[in-house]
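> sequence unknown, structure follows:
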């Protein structure tokens, strides 16, 4: 299986290794956010909710400012790494485009050296042009799905937390 992956990476040229690196980093961040939303977010909210409940009066200006501070702290934790995930999602198609350009350059090099009659040599360059584009788009779409999902989860859970603070 590893040899198949290496063959695929070699068929796409050196840009595909960059897409692999971005993909691995993206998956680390996705798994981190998944772990946070399913394991840590509830504990974080419960801890801040307990601190809020220990206040004597929830109707003063001072309590309002404490509530804003608590919501801000929780919001920061919910938004952690999401901007970086979005950056990686935007980089992937650009890396794919870079792969397209480098692949087409190798096609033009073959055409300049052998003429337009060597279809086998041109096919290698066209493969190097299309595979990184496809890989960049696939990684980008996967990252976009998870970023959108995490945005929705964060919004929903933050609204529920803010409602609990108002009770």
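Nice, I can see it. In this text, all values refer to a predicted model and were calculated from it rather than measured experimentally.

> for residue 13, what are phi and psi?
Main-chain dihedrals, residue 13, degrees, to the nearest 10: phi 90, psi -180.

> how many neighbours does it have?
By the criterion of other CB atoms under 10 Å, residue 13 has 22 neighbours. Every residue, glycine included, has its C-beta placed from N, CA and C.

> give the contact list for it.
99, 102-103, 106, 128, 131-132 (CB atoms under 8 Å, 6 or more residues apart in numbering).

> just the residues you listed: which are in helices?
Secondary structure from DSSP state H places 99, 102-103, 106, 128, 131-132 of the contacts of residue 13 in helices.

> out of the contacts of residue 13, the closest to residue 16 would be?
Nearest to residue 16 among these is residue 132, at 5.2 Å by CB to CB.

> compare the ones in helices among the contacts of residue 13 and tell me which is most surrounded.
Highest neighbour count within the ones in helices among the contacts of residue 13, by other CB under 10 Å: residue 132, with 29 neighbours.

> pull the contacting residues for the spatially most central residue of the chain.
Against the mean C-alpha coordinate of the chain, by CA atoms, centre = their mean, the closest residue is residue 85 at 3.1 Å. Residues in contact with residue 85 (CB under 8 Å, 6+ apart) are 26, 29-30, 33, 143, 146-147, 150.

> how close does it sit to residue 100?
Using CB to CB, to the nearest Å, residue 85 is found at 24 Å from residue 100.

> now do residue 20
Taking CB to CB, one finds residue 20 at 17 Å from residue 100.

> these two: which is more packed in?
Neighbours were counted for residue 20 and for residue 100 using other CB under 10 Å; residue 100 has more, 21 against 17.
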